[in-house]
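[1] below are the sequence and a predicted model for it; my questions follow.
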Amino acid sequence: MPTQAELTSRLQVHIARLESGELSGRVRKRILAKIGGIKRELADMCQPSAKTGAGAGAGASMSDHCSGSAAVSGVVGKGKAAASIGSKRKMSRQDDDMMDSDPPHSTAAVASEKAHSNCRLISERSGQSKPPSDTGGSSTEGKRRRVDGSHSYNAVATLSRAVDADDAVDDSDGPLEMTLGPPTGKAKRKKKIKHVNAQLAQLAQRKQLAAALRAFSKAQKKGLIDAHSYANLMNAYVRCGDIDGSTEVLGRLRARGLSAGVVHYTVQLKGLCEAGRIREAAGVLATMSTEAVSPNLRTLNTFLRGCVRAGETTLAVTAFQQFRAEWGVEPDASSYEALGTLLAHELQLTEQLELIQQLRAAAESVEGNASLGAALAGEADAASNPAMYLACARTAALLGEWRTATEALVMARVEMDDDRFLRRQHSASADAASTGGRERARSMRQFARHRLEELKREAEVLEAYVDQEKAHGDDATAHIQRLLDVYRRVLHFGPVYTPVLSESVVAHLVSELGRFGFRRASELSKKAGTAAVTRDLAAALQKCVGDEGRIDLGELFPKPSLPLKLELCAGSGEWAAAQAAARARRGGGAEANWVALELRTDRVHDCFAHAVFGRLDNLAVIGGDAAVILEHHLPQCAHSIYINHPEPPERTGGADDSEGRHLLTHAFFEVMKRVLAPGGHITLVTDNLPYGKSLAETASDAGYRSMAGATVALDGLAQSKEVGAVHLLEGLPGPEYGHSTEASSYFDRMWAEGNKMSRYWFAACPPIPT
């Protein structure tokens, strides 16, 4: 006969699978039947005179429900088990007294409340109007029976539901865990817990970790926390960049006998992915598999987005297969877009074309066939996503496959028809209005318009490049050689990188180029094959790397003596590419060598593409954490450093009212001093006034002083806000401060779309060494 704990564990698994929302009708009906049987058994256990029912059998594997479709060279195959990815990693953290506080209840009171609450929970879910009453003896004797556990149900079912890790996690649809406390005033108590969770979610959103910890501790002492509360606290740690703290909270959840559900694991997954720790994120998926916690579509897309950010194509493909085969989670259009983007980054054109062929075939099958509509909805939606075709066109253009690029661009243009594209988005926003309110729907419509304009912008760049190269008439060999030359100016350390000895730096940089299709490009070289091309690249990089791992960036360029200008947090590289091309457009030679430094691997690929499409031999790209790269690998070399729209620790405030991590600390301003050449300066632009003031104050405290002329309004409209020795100006800097040409970025255009037009900037020099 199964124990209460075993039945509870089974109930948790079945409910999690049911709420994943990715099941066929037949399987859903079977699971509901199993849940009903287990609930009846648990209800009987809560009744002193009830007989125990037959045990419910274990649920069927999720792989039984996978719907079939064609595989794409093994990339997205269905119907066969995929190996579980990652491995579990244990992490520890010192105990936090605030989180270790126990609710002020006696042992007897706790046990009594468990019995009373859980019997009520099970009876309500079993269709009984009232909880079963004790039979025989006085009320004191009945309490004793509950305390000693003879008739109590000692564990609680976990009701997992998918929520955005950045959204509030509350118990509006029922608590994840029943909480401890007095047996009366259940509705009032639930309202208090919901209020606590809303408070924790808001503090997490604002990245106020210390306040969240205090609120959690206070609520915990009153017995007003549930599993949602733990999820919100985990989210606070994640949003503040402390993933190890989130891991510790997850451990404490388990230590208190509560079950971690899909919400908790998805929050943890997101934190690891945003930190670039993708292999550890894969370990979370392995843990979910071991603990029989079924992930959902949000979990899949969170992991895939992390793989895109870090350039982890192999892990993404493995996860794509595992989610289908093991958990029955069918990908949607976003999943396919992430997969297509990763294939594009590695220049896997054949695989991209096969994927598009599969998606279009699925879309054709769905037309007029309602029975296939649900099974192939993800493929059908992805087939109408213009981003899939633009990614294919970009790969073909980089490889010099002009005909394929042109065909892909034509297909993208069809899907970018305004009426066609916005009509699909309107349907999505209507769904959002029914669940998230009018404001969310309005935001989605605005973003859809912005996204459409960005897609058209990319198509125009690709079309211009293809037409230009066709007119130029170079053969394929010459084109591939130019592509290989650009790889010599791509230094990718990776988002998670530990500085290595100088002799290992070159080997690391060469191996990392595989994330950008170097192997595929070298295979197409008619010169001497992959091995010879790799040796030539390693030899060229070796000339740039000094004994201590310091890199002479000037040696990356044809004209090493030109002034070196460095943009940090470069995003997709549009601004740096525009500055590098400015002099050429005016009919002169390059006036400076530019380096774009960016953390995210997907954006590093964008910077690389800008260098190729613009034929910019004075633009290099570095991928990695700026704090690590500047500290360990850059000598005193930069004539100027530019920082455009750095991400603030909190979107609506400065650095003082948030504990979110950010790059531009006092220590980093000190590091920039060492990298700047004598007479060098930094120019910083932001749209966030509080953050601008915080940064101007930090720069002033680090000894920086505003440049001559950068202390007064330049256009009669700008306002100067003096913060220490650094003046924060309203407007935009001009050519004398490094902005040689007007250029916008993705974020510039998105903010303009939302009528966020104000800009603030300062230009400052470090003190001259005495």
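    Thanks, I have the structure now. Numbers count the residues shown, from 1 in each chain.
[2] helix or strand right after the longest strand along the chain?
    Ranked by residue count, the top strand of the chain under DSSP state E comes out as strand 676-686. Counting by DSSP states H and E, the next helix or strand C-terminal to strand 676-686 is helix 689-701.
[3] if we can go back for a sec, contacts for the longest strand of the chain, please.
    564, 636-646, 648, 672, 692, 695, 699, 704, 707, 732-733, 737-739, 759-766, 768 (Cβ atoms under 8 Å, 6 or more residues apart in numbering). Heads up, the C-betas are built off the backbone N, CA and C, glycines and all.
[4] can we see that at 7 Å?
    636-646, 672, 692, 695, 707, 732-733, 737-738, 759-766 (Cβ atoms under 7 Å, 6 or more residues apart in numbering).
[5] got a quick ChimeraX command for the buried subset of those residues?
    A single ChimeraX command suffices to select whichever of those are buried according to 16 or more other Cβ atoms under 10 Å:
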select :637,638,639,640,641,642,643,644,645,646,672,692,695,707,733,737,738,759,760,761,762,763,764,765,766
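[6] what about the contacts of strand 676-686, which are in strands?
    Of the contacts of strand 676-686, the ones assigned to strands by DSSP E are 638-644, 760-765.
[7] and the closest residue in space to residue 389 that isn't next to it in sequence, how far from residue 576?
    Computed as Cβ to Cβ, 6 or more residues apart in numbering, the closest residue to residue 389 that is not its neighbour in sequence is residue 412, at 3.8 Å. In this view, residue 412 and residue 576 are 26 Å apart by Cβ to Cβ, to the nearest Å.
[8] and those two? which has more neighbours close in?
    residue 576 (30 against 24; other Cβ atoms under 10 Å).
[9] which secondary structure element contains that one?
    In this structure, residue 576 sits in helix 574-585 according to DSSP H and E.
[10] what's the following helix or strand after that helix?
    Next element after helix 574-585 (DSSP H and E): strand 593-598.
[11] got a list of contacts for the following helix or strand past that next one?
    Next helix or strand after strand 593-598 toward the C-terminus (DSSP H and E): helix 601-613. Outside helix 601-613, the residues that touch it by Cβ under 7 Å, 6+ apart are 308-311, 341, 345, 394, 398, 461, 465, 483, 486, 489-490, 492, 495, 515-516, 570-574, 577, 596, 598, 619, 621, 623.
[12] which among those residues count as buried?
    Among the contacts of helix 601-613, those scoring as buried are 308-311, 341, 345, 394, 398, 461, 465, 483, 486, 489-490, 492, 495, 515-516, 570-574, 577, 596, 598, 619, 621, 623 (criterion: 16+ other Cβ under 10 Å).
[13] tabulate the ones in strands among the contacts of strand 676-686 (a markdown table), appending distance to residue 447.
    As requested, the ones in strands among the contacts of strand 676-686 are exported to a markdown table (distance: Cβ to Cβ, whole Å):
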| residue | distance to residue 447 |
| --- | --- |
| 638 | 36 |
| 639 | 38 |
| 640 | 34 |
| 641 | 32 |
| 642 | 27 |
| 643 | 26 |
| 644 | 21 |
| 760 | 25 |
| 761 | 27 |
| 762 | 31 |
| 763 | 33 |
| 764 | 35 |
| 765 | 39 |
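[14] alpha carbons of stretch 466-483, in CSV - could you do that?
    The C-alpha trace of stretch 466-483 is given here as CSV (Å, rounded to 0.1, in the frame of the first residue of the first chain):
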residue,chain,number,x,y,z
VAL,A,466,24.0,41.5,-52.2
ASP,A,467,23.4,44.0,-55.0
GLN,A,468,26.8,45.7,-54.4
GLU,A,469,28.7,42.4,-54.4
LYS,A,470,26.9,41.2,-57.5
ALA,A,471,27.9,44.4,-59.2
HIS,A,472,31.5,44.2,-57.9
GLY,A,473,31.9,40.9,-59.7
ASP,A,474,34.3,39.2,-57.3
ASP,A,475,34.4,35.4,-57.6
ALA,A,476,33.6,33.1,-54.7
THR,A,477,37.2,32.6,-53.7
ALA,A,478,37.9,36.3,-53.3
HIS,A,479,34.8,36.7,-51.3
ILE,A,480,35.7,33.9,-48.9
GLN,A,481,39.2,35.3,-48.5
ARG,A,482,37.7,38.7,-47.4
LEU,A,483,35.5,36.9,-45.0
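[15] wouldn't residue 627 be in contact with residue 662 here?
    No: with contacts counted by Cβ atoms under 7 Å, residue 627 stays clear of residue 662, the gap being 10.6 Å.
[16] distance check, residue 677 against residue 363.
    Residue 677 sits 56 Å away from residue 363, going by Cβ to Cβ.
[17] quick one: which of these two has more around it?
    More neighbours surround residue 363 than the other of residue 677 and residue 363, with 16 against 13 (other Cβ under 10 Å).
[18] and the more buried one, what does it touch?
    Contacts for residue 363 (Cβ under 7 Å, 6+ apart) come out as 379-380, 383-384.
[19] could you do residue 415 as well?
    Residues in contact with residue 415, defined by Cβ under 7 Å, 6+ apart, are 384-386, 389, 421.
[20] what score does it have for pLDDT?
    At residue 415, the model reports a pLDDT of 92.
[21] tally up the residues packed near residue 417, please.
    The number of residues packed near residue 417 is 12, by other Cβ under 10 Å.
[22] quick check: the gap between the closest residue to residue 639 other than its chain neighbours and residue 740.
    Among residues not flanking residue 639 along the chain, residue 563 sits closest, at 4.0 Å (Cβ to Cβ, 6+ apart). Plainly put, residue 563 is 12 Å away from residue 740 if you go by Cβ to Cβ.
[23] settle it for me: which of those two has more neighbours?
    residue 740 (19 against 14).
[24] surely the more buried one meets residue 579?
    Yes: using Cβ under 7 Å, residue 740 is in contact with residue 579, at 5.4 Å.
[25] for the host helix or strand of residue 237, the averaged confidence score.
    Following DSSP H and E, one finds residue 237 within helix 227-239. If you average the pLDDT over helix 227-239, you get 94.
[26] show me what it is packed up against.
    The contact analysis (3 or more Cβ pairs under 7 Å, 6 or more residues apart in numbering; DSSP states H and E) places helix 227-239 against helix 186-205, helix 209-221, helix 243-255, helix 262-274.
[27] now intersect the buried ones among the contacts of helix 601-613 with the helices, please.
    Within the buried ones among the contacts of helix 601-613, residues falling in helices by DSSP state H are 308-310, 341, 345, 394, 398, 461, 465, 483, 486, 574, 577.
[28] now those as TSV including pLDDT and distance to residue 509?
    Below are those laid out as TSV (pLDDT from 0 to 100; distance: Cβ to Cβ, whole Å):
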residue	pLDDT	distance to residue 509
308	97	21
309	96	20
310	95	16
341	97	23
345	97	17
394	98	23
398	96	20
461	95	27
465	95	27
483	94	17
486	96	14
574	94	24
577	95	21
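[29] farthest pair within those residues?
    Farthest-apart pair in those is 310 and 465; separation 27.1 Å (Cβ to Cβ).
[30] quick check, residue 260 in a strand?
    No: using DSSP: H, G, I helix; E, B strand; the rest coil, the assignment for residue 260 is coil, not a strand.
[31] all strands for the chain, in order.
    So, for the chain - with DSSP E - the strands run 490-494, 564-568, 593-598, 619-624, 638-644, 676-686, 705-706, 720-723, 726-730, 760-765.
[32] mean pLDDT lowest where, among those?
    Sorting the strands of the chain by mean pLDDT places strand 720-723 lowest, at a mean of 63.
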